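*Asks:* below is the structure, and that's it, no one-letter string:
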């Protein structure tokens with residue numbers, strides 16, 4: 001097998017133990033490669049250790065977000081403004097003087 005370079009965002013399978021992981025960081029100055037496994041565990045490899053691994057490149061698993069309890073709603077960026085499609089919901093029909101439950105006299 002040929003040596004696969006560590007590419008950030010790529011998924012790899014360790015042939016020896018069957019573990020699937022993603023490369024999440026690679027520091028070229030310290031030659032450390034940070035990986036994250038499907039169960040959420042994070043590990044680091046020195047470049048020399050990486051070269052000793054027997055790896056194949058693989059597709060991201062369909063359920064790679066499961067250990068992190070993510071769903072489709074988590075793809076929204078909380079820093080972006082929220083624009084509901086319908087601003088005329090039932091709460092908007094409440095008159096402001098009655099909104100606190102006290103009638104303004």
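*Replies:* Yes, it's here. Computed from a predicted structure; not experimentally measured.

*Asks:* for stretch 50-62, buried residues please.
*Replies:* Judged by neighbour count using 16 or more other CB atoms under 10 Å, the buried positions of stretch 50-62 are 50, 53, 55. Every C-beta, even on glycine, is put in place using the N, C-alpha and C of the backbone.

*Asks:* rebuild the residues you listed as TSV, extending it with secondary structure and distance to residue 29.
*Replies:* Formatted as TSV, the buried residues of stretch 50-62 follow (DSSP: H, G, I helix; E, B strand; the rest coil; distance: CB to CB, whole Å):
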residue	secondary structure	distance to residue 29
50	helix	16
53	coil	21
55	strand	23
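
*Asks:* which one of the residues you listed is nearest to residue 20?
*Replies:* Ranked by distance to residue 20 (CB to CB), these are led by residue 55 at 10.4 Å.

*Asks:* which residue comes closest to the closest one once chain neighbours are left out?
*Replies:* Nearest residue to residue 55 in three dimensions, chain neighbours excluded: residue 12, at 4.7 Å (CB to CB, 6 or more residues apart in numbering).

*Asks:* what strand or helix carries that neighbour?
*Replies:* strand 11-14 (DSSP states H and E).

*Asks:* show me what counts as buried in that strand.
*Replies:* Buried-residue list, strand 11-14, by 16+ other CB under 10 Å: 11-13.

*Asks:* re earlier: so the residue nearest to residue 55 makes contact with residue 50?
*Replies:* No: contact between residue 12 and residue 50 fails when scored by CB atoms under 8 Å: they sit 9.8 Å apart.

*Asks:* who's in contact with residue 46?
*Replies:* Residue 46 makes contact with 31-33, according to CB atoms under 8 Å, 6 or more residues apart in numbering.

*Asks:* would you turn the buried residues of stretch 50-62 into CSV with pLDDT and distance to residue 4?
*Replies:* Conversion of these to CSV gives the following (pLDDT from 0 to 100; distance: CB to CB, whole Å):
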residue, pLDDT, distance to residue 4
50, 93, 9
53, 92, 9
55, 93, 5
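
*Asks:* with distance to residue 42 added, can I get these in a markdown table?
*Replies:* Below are the buried residues of stretch 50-62 laid out as a markdown table (distance: CB to CB, whole Å):
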| residue | distance to residue 42 |
| --- | --- |
| 50 | 15 |
| 53 | 16 |
| 55 | 17 |
